[in-house]
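K.L.:
Okay, sequence plus prediction incoming.
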Amino acid sequence: MRHSHALLVAALGFWSASCSSNPANTEPQPVAASARGNLRFKGPERLNADVAQALELPAAEVCKELGLYACTTVVHNVALGGVEPYGAGLYEASGITSATTPLVVDRVMWAACSKRADLDLANPAAAPIFTGLPLAGSKLQNPDGEEVRAAITRLVQRALLREPSDAELSRYVQLARDIEATGNGNPARAWMQSVCFAVLSSPEAIFY
């Protein structure tokens, strides 16, 4: 449990780690104003469907608590903005997210990304995202290799429907090095989980 927590912290915090090593990056960067200015949280059904499509997973298998109960439609439906008419008598959505919504989003994305990583490692020839990655044991043979950048590109294309920026490519490549530096026993799998989590839990992926 302690090891999984450390890995999740690495996935969430590698941005600040990279910035702290460069004093020039300590100043806040300007953020462009949204052209729409009306962002909305996707909610349980749309969120689950988008993750399933991006990671090529069956919708019912994106995330299950105890391996039995669907995260988005059964266990955490209300926290994600859904309704629960039969159990809780909640017939209308609140229209706002709750204090636990970020935790639930992280739970769903981590579960889905872990499943995709395991499937791709088990059958790399049929992998839709992490395919063709040369491994040296449990490590990526070359984090700077074209195969790694191609995997990042496929992930961003599928999840965000655009090309990754040069800055994103650099950050996600650096994430692989950072994970290896922690002494993780399976750094290739950990990187697959973490880069997937970083993309799918980004505001661009969970709002529309």
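P.N.:
Looks like it came in fine.
K.L.:
any chance you could map the helices in this protein?
P.N.:
If DSSP state H is used as the criterion, the helices of the chain fall at 2-20, 43-55, 101-122, 146-160, 166-181, 187-200, 203-206.
K.L.:
Nearest to residue 71, out of those?
P.N.:
Judged by CB to CB, the one of the helices of the chain that comes nearest to residue 71 is helix 101-122, at 5.2 Å. Every C-beta, even on glycine, is put in place using the N, C-alpha and C of the backbone.
K.L.:
and the closest one, what does it pack onto?
P.N.:
Packing partners of helix 101-122 (3 or more CB pairs under 8 Å, 6 or more residues apart in numbering; DSSP states H and E): helix 43-55, helix 187-200.
K.L.:
and the last one with helix 146-160, angle?
P.N.:
What that stands for is helix 187-200. Angle, helix 187-200 to helix 146-160, by axes from the mean of the first three to the mean of the last three CA atoms, to 10 degrees: 30 degrees.
K.L.:
go on, the shortest one?
P.N.:
Our comparison of helix 43-55 with helix 146-160, counting by the same axes, to 10 degrees, yields an angle of 150 degrees.
K.L.:
What residues sit buried inside helix 43-55?
P.N.:
The neighbour-count check on helix 43-55 (16 or more other CB atoms under 10 Å) flags 43-44, 46-48, 50-52, 54-55 as buried.
K.L.:
on that earlier part again, minimum distance to residue 76: which of the helices of the chain has it?
P.N.:
Minimum separation from residue 76 across the helices of the chain (CB to CB) falls at helix 101-122, 4.3 Å.
K.L.:
Relative to the whole chain's centre, how far out is that closest one?
P.N.:
Averaging C-alpha positions (CA atoms, centre = their mean, to the nearest Å) puts helix 101-122 7 Å from its chain's average.
K.L.:
What angle do helix 187-200 and it make with each other?
P.N.:
Using the same axes, to 10 degrees: helix 101-122 against helix 187-200 is 140 degrees.
K.L.:
tell me the average confidence for helix 101-122?
P.N.:
For helix 101-122, mean pLDDT is 97.
K.L.:
buried sites along it?
P.N.:
101, 104-117, 119-121.
K.L.:
Fine by me, thanks again.
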